[in-house]
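Participant: generate coordinates for the sequence data below:
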Amino acid sequence: MGTKQFRLLWVALLSLSGVLPAAATDYQASDYLPLAVGNSWTYEHIYHDYKDREMIQWPAYTAQFPEEPQFTIRVERTEVIDGKTYYVLSDMPTNWPPAPPHFIAGKKLRWEGTHLMERTADGEQALYRFDGANEIGYAISTDEGASRVTVKILPEPVPEYAFYFHGNFEGIQVIGFLAGYGIDIGGWNIYTTDHPLFINDIDALRAVIGGTSVEYKDALIPTASQSSSWGQVKQSLMVQSPERRTN
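Facilitator: Numbers count the residues shown, from 1 in each chain. Now for the predicted structure:
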């Protein structure tokens, strides 16, 4: 089992472990996805349907083999709709397999308190809610149909909100947001007892937040330097990026 599959399984197993620690108090909801024009996130991507081994319909993806293919999404611009400012994210690369369900590529997003709002042709909905852990606390509409959502706060060295989706589909669907960084892992996995039938996993490598490149591995591995609070880091980013101050 690869690193990404192991971590995705670990996140799923933690959801069964009962009450989990609350997030650190010096994080705001908007810190779990810092939205500012120019911010970007780079991911490794594993997409494998065992019914379609060659995947020749995605040449940009397969051209990166034998390494695990990577892609980057960016906050491209802002757009004002009905008097509200949304941050427009770039979509998945062309000739590329789809991202896991519930990923943020190609979406128009804004923060409203603890809710990450998505604008669609049908209006606006609270796509993700960062107001505490709950058991199947709300529902969202997606391309895969309506999904009920369970929210857990995971005991990372840096707190992580994990969203588990329940609906008319097989397998495990989950998206995790790491405080100060953004989405760090996401996937839709379908397994038999012997081997996976379908894998669609993303695993974050790095982000550019307020012009500063940050490595996800530095947040996931405890170090002495992590004694400094996110409040100090955020203050530094705000000084470097005038647009970050307005977020």
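
Participant: list the buried ones in the host helix or strand of Ser147?
Facilitator: Using DSSP states H and E, Ser147 maps to strand 145-154. Neighbour-count burial for strand 145-154, counted by 16 or more other Cβ atoms under 10 Å, picks out 147, 149-154. Every residue, glycine included, has its C-beta placed from N, CA and C.

Participant: what lines up beside it in the sheet?
Facilitator: Sheet pairing of strand 145-154 (DSSP bridges) gives strand 134-142 (antiparallel), strand 160-166 (antiparallel).

Participant: mean confidence for the longest strand anywhere in the chain?
Facilitator: Criterion DSSP state E: the longest strand present in the chain is strand 196-209. For strand 196-209, mean pLDDT rounds to 92.

Participant: so what touches the helix or strand Tyr128 falls within?
Facilitator: Using DSSP H and E, Tyr128 sits in strand 123-129. Applying Cβ atoms under 8 Å, 6 or more residues apart in numbering, the contact partners of strand 123-129 are 84, 102, 107, 109, 112, 114-118, 137-138, 140-141, 149, 151, 161, 163, 175, 177.

Participant: what's the angle from it to strand 160-166?
Facilitator: Relative orientation of strand 123-129 and strand 160-166, computed by axes from the mean of the first three to the mean of the last three Cα atoms, to 10 degrees: 120 degrees.

Participant: export strand 123-129 as PDB, just CAs?
Facilitator: Output of strand 123-129 as PDB, limited to C-alpha atoms (Å, rounded to 0.1, in the frame of the first residue of the first chain):
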ATOM      1  CA  GLY A 123     -27.100  29.800  -6.200                       C
ATOM      2  CA  GLU A 124     -24.900  29.500  -3.100                       C
ATOM      3  CA  GLN A 125     -24.400  26.700  -0.600                       C
ATOM      4  CA  ALA A 126     -22.300  26.100   2.400                       C
ATOM      5  CA  LEU A 127     -19.900  23.500   0.900                       C
ATOM      6  CA  TYR A 128     -17.900  23.000   4.100                       C
ATOM      7  CA  ARG A 129     -18.600  24.000   7.700                       C
END
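
Participant: what pairs with it, parallel or antiparallel?
Facilitator: Each strand that pairs with strand 123-129, with its direction, by DSSP bridges: strand 115-120 (antiparallel).

Participant: would you pull up how far the partner strand lies from the middle of the chain?
Facilitator: Relative to the centre of its chain, strand 115-120 is centred 14 Å away, using Cα atoms, centre = their mean, to the nearest Å.

Participant: over to stretch 160-172?
Facilitator: Mean C-alpha position of stretch 160-172 versus that of the full chain (Cα atoms, centre = their mean) differs by 13 Å.

Participant: show me which residues of it are buried.
Facilitator: 160-165, 172.

Participant: residue nearest the centroid of this protein?
Facilitator: Nearest to the geometric centre of the chain sits Ile183, at 2.4 Å (Cα atoms, centre = their mean).

Participant: residue ranges of the helices in this protein, please?
Facilitator: Secondary structure of the chain, counting by DSSP state H: helices at 3-14, 59-62, 216-220, 230-240, 242-245.

Participant: which residues does the closest residue to Ser30 other than its chain neighbours contact?
Facilitator: With sequence-adjacent residues excluded and distances taken as Cβ to Cβ, 6 or more residues apart in numbering, Ser30 is closest to Trp111, at 4.4 Å. Applying Cβ under 8 Å, 6+ apart to Trp111 gives the contacts 29-30, 33, 35, 117, 247.

Participant: and the furthest pair within those?
Facilitator: Pairwise distances across the contacts of Trp111 peak at 13.8 Å for Met117 and Asn247 (criterion: Cβ to Cβ).
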